[in-house]
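Asker: Generate coordinates for the sequence data below:
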Amino acid sequence: MKRERAIPENYMTVGELARKMGTTVRTLQYYDREGIFSPSAESSGGRRLYTYRDMIRLHQILSLKSLGFSLKDIKNKLVSLETPEDVADALTHQADAVKEKIQSLTESLKAIEALKSEVLSMQSVDFKKYADIIINLQMGNEYYWLIKHFDNKMLDHIRTRFDIEGGMAFMNRFQQLNDEAMELKENGVPPQAPKAQILAEKFWNLVLDFTDGDMSMLPSLMEFAGQGDIEKGWGQRQAEISTYLEPALSIYFSRSGIDPFGEE
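Answerer: Below is the predicted model of the structure:
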């Protein structure tokens, strides 16, 4: 029986290419069926043949696949490899995808380490709080660690009162008022001054917005605000702000005829 003609120079069979690239023949056959990676030629005996150019294209596909891209995404990202500029452009796109994945993995690692730190600092296993921390880490909320200081009633209220967008907007508003309070304090503006009274009104409206008018939550809020041992310097700063705001709020309540623990 006559032996099959030898493979032409600079061509590889599907098996040879699979071995060189650390993949499987079945994978390459699947890519061919999906129209994402097909052989450049076929031997007289019907064997699929690939070139070194194909190997570069396969390297691009396998790299993007390892980064989590779907075959549809990969197909859209592949570019021509006809010139050195084409190859360089393909490698640039590939490098950009790797950098993006590295950034994503770095952020995921930071979130995992942050959650691990919070888990170890809590006194008991609480998966609802873990979930809240994860969500806030994903949101990019730098105050995610405050969650472990809230009691269950407060957290249940936050979960039902705010969605992700609303929660972030509230925190930004809260931080802005804190910054205004520190600025007035540092500039020596007295609590009865118009600027301080305007700020007191803003803070009270913030409290009303947070509680949705449920004044039974005030004791919990005051207890939380009074925790001087909260980490990251936050507690100390809040204590300074509270020291400045309390007399301003008292004057505001008196002038407005508001009793925060009773009826207006």
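Asker: For stretch 12-23, give me every contacting residue.
Answerer: 7, 24-25, 27-29, 39, 47-51, 54-55, 58-59, 62 (C-beta atoms under 8 Å, 6 or more residues apart in numbering). Where you see a C-beta, it was placed from the backbone N, CA and C, and this is true even at glycine.
Asker: Let's see which of these end up in helices.
Answerer: 25, 27-29, 54-55, 58-59, 62 (DSSP state H).
Asker: still on that earlier bit, which of the contacts of stretch 12-23 are buried?
Answerer: Buried positions within the contacts of stretch 12-23, assessed by neighbour count (16 or more other C-beta atoms under 10 Å), are 27-28, 39, 47-51, 54, 58, 62.
Asker: Throw those into a markdown table and include pLDDT, thanks.
Answerer: Shown next, in a markdown table, are the buried ones among the contacts of stretch 12-23 (pLDDT from 0 to 100):
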| residue | pLDDT |
| --- | --- |
| T27 | 92 |
| L28 | 93 |
| P39 | 90 |
| R47 | 85 |
| R48 | 88 |
| L49 | 92 |
| Y50 | 92 |
| T51 | 90 |
| D54 | 89 |
| L58 | 89 |
| L62 | 87 |
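Asker: with those residues in mind, which one is nearest to I241?
Answerer: L62 (54.9 Å; C-beta to C-beta).
Asker: possible to save the ones in helices among the contacts of stretch 12-23 as TSV with distance to K153?
Answerer: TSV is the format used below for the ones in helices among the contacts of stretch 12-23 (distance: C-beta to C-beta, whole Å):
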residue	distance to K153
V25	61
T27	54
L28	59
Q29	59
D54	63
M55	62
L58	58
H59	56
L62	52
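Asker: ok, which pair from these is furthest apart?
Answerer: Q29 and H59 (18.0 Å).
Asker: show me where this protein has helices.
Answerer: 14-21, 25-33, 52-66, 71-77, 84-121, 127-139, 152-161, 164-186, 194-211, 218-225, 234-256.
Asker: For S43, which of those is the nearest?
Answerer: Comparing the helices of the chain by C-beta to C-beta, helix 14-21 comes nearest, at 10.9 Å.
Asker: Could you give me the buried positions within the closest one?
Answerer: Under 16+ other C-beta under 10 Å, the buried positions of helix 14-21 are 14, 17-18, 21.
Asker: Put the alpha carbons of stretch 164-181 into CSV.
Answerer: Output of stretch 164-181 as CSV, limited to C-alpha atoms (Å, rounded to 0.1, in the frame of the first residue of the first chain):
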residue,chain,number,x,y,z
ILE,A,164,-27.0,50.6,45.2
GLU,A,165,-27.3,53.9,43.4
GLY,A,166,-29.3,55.5,46.2
GLY,A,167,-26.9,54.2,48.8
MET,A,168,-23.9,55.7,47.1
ALA,A,169,-25.7,59.0,46.5
PHE,A,170,-26.5,59.1,50.2
MET,A,171,-23.0,58.4,51.3
ASN,A,172,-21.6,61.1,49.0
ARG,A,173,-24.1,63.6,50.4
PHE,A,174,-23.2,62.5,54.0
GLN,A,175,-19.5,63.0,53.3
GLN,A,176,-20.0,66.4,51.7
LEU,A,177,-21.9,67.6,54.8
ASN,A,178,-19.1,66.2,57.0
ASP,A,179,-16.5,68.2,55.0
GLU,A,180,-18.6,71.3,55.3
ALA,A,181,-18.9,70.8,59.1
